[in-house]
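Asks: Quick one, what's the 3D model for this:
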Amino acid sequence: MTTVKKGPPQFARGTTVPVEKSQIEVQKLLKSYGATQTAHAEQKENASILFTMKQRQYRIILPYPPLSDFQYDNRQVRRSKEQAAQARAQELRRLWRALLLVVKSKLEAVSSRIMTFEQEFYYHTVLNNNQTIGEWNEQQIAQGNLLLLPGQSTSWDNERPDILLLPGKE
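Replies: Now for the predicted structure:
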């Protein structure tokens, strides 16, 4: 008897909404909140939603899972290439519905004055070098250039602590 591993429930699992409809819905939603120059793009294994708000450009990247992730079903039975492509297409439909939910929830948080627009979309702000703040920040962390709060570090020059410990948390 094979045991099927169950994870947390997935939003929009089994959706039949085409990717193109979700892309248009995200763009319409952003426009309804004042975004201009909205677009979506696909390049290699990523998709993006691009828009301008308050004279700033934003890019939300949606990574697509590779086809190889769908070689087996949840019972570890090997799929044909066609079955794997269908499973991946289903996952892309689900991911776009989830992205719509994320954008909608961020905009609702802004509309409800729980957060500011800048707080919700900071990570996705496009810099002059065409990287998002999130991409740039991840590069800095990977290179060991941690962004520390003033007065929190006891390191000198190029020395950087591996992890910042709060007092009493050693």
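
Asks: For this structure, which segments count as helices?
Replies: Along the chain, the segments classed as helices by DSSP state H run 19-32, 81-111, 117-121, 133-142.

Asks: for the ones you listed, which one sits closest to residue 62?
Replies: Ranking these by their distance to residue 62 (criterion: C-beta to C-beta) puts helix 81-111 first, at 5.4 Å. To be clear about C-beta, it is placed using only N, CA and C from the backbone, and glycine gets the same treatment.

Asks: Can you give me the buried ones in the closest one?
Replies: When burial is assessed from 16 or more other C-beta atoms under 10 Å, helix 81-111 yields the following buried residues: 84, 87-88, 91-100, 103, 106-107, 110.

Asks: Surely residue 117 and residue 109 touch.
Replies: No - Residue 117 lies out of contact with residue 109 (C-beta atoms under 8 Å); the separation is 9.4 Å.

Asks: show me what contacts the nearest residue to residue 69 once chain neighbours are set aside?
Replies: The shortest distance from residue 69 to any residue other than its chain neighbours is 7.4 Å, reached at residue 88 (C-beta to C-beta, 6 or more residues apart in numbering). Residues counted as contacts of residue 88 (C-beta atoms under 8 Å, 6 or more residues apart in numbering) are 65, 67, 69-70.

Asks: Specify which member of these is nearest to residue 139.
Replies: Lowest distance from residue 139 to the contacts of residue 88 (C-beta to C-beta) belongs to residue 65, with 23.0 Å.
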